[in-house]
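Chemist: Kindly return the folded structure for what I paste below:
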Amino acid sequence: MNTAQTATLVRVACPACLTGNRVPRERLGEAPKCGQCGASLLDGKPVALDDANFDALVGRTELPVLVDFWAPWCAPCRAMAPAFEQAAGEYATRARFAKLNTDASPAVAARFGIRSIPTLVLLQGGRELARKSGALDARALRQWLEPRL
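Modeler: Here you go, the predicted structure:
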């Protein structure tokens, strides 16, 4: 593979088996499948993360990863969920959306110093790029996210 071809490849972790897949950037919108298990790589739905799969998925994905730190008992978290799901579909080729239940995965929540929920953390290459606490509607979520992508 020459340098021009390599520069256009984007690594995307499979949400099912966590295998890193290289996908040509111009084909991200063509429903790419995992080369290992055949699962859809970018189906436009948030991926469920936990203490066991967090580092693998985030580390094997070159797209920005927006993580919603939430809990089932949190009313603002539940209120924001439809807007987050809608945005996941809209930004499917530009960012990976993921949800992490802080009650079920306290180690990752503690590592990121999550003190209130919902909290959105935008990561790329394992590094935190931005953070926003509090529930957002669809418009506010887009306004916060768009300049960061």
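Chemist: mind checking the SS state of residue 120?
Modeler: Assigned by DSSP: H, G, I helix; E, B strand; the rest coil, the conformation of residue 120 is strand.
Chemist: just checking, it touches residue 68?
Modeler: Yes. With contact defined as C-beta atoms under 8 Å, residue 120 and residue 68 form a contacting pair (5.8 Å). (Each C-beta comes from the backbone N, C-alpha and C, glycine too.)
Chemist: which of the two has more neighbours?
Modeler: residue 68 (25 against 22; other C-beta atoms under 10 Å).
Chemist: Who is that one paired with across the strands?
Modeler: Taking DSSP bridges, one finds residue 99, residue 120 as the beta-bridge partners of residue 68.
Chemist: ok, it touching residue 131?
Modeler: No. Residue 68 is beyond contact range of residue 131, at 11.6 Å (criterion: C-beta under 8 Å).
Chemist: Doesn't residue 82 lie inside a strand?
Modeler: No. Residue assignment for residue 82, taken from three-state DSSP, gives helix, which places it outside any strand.
Chemist: I'd guessed residue 104 sits against residue 52; true?
Modeler: No. Under the contact definition of C-beta under 8 Å, residue 104 does not touch residue 52, with a separation of 10.6 Å.
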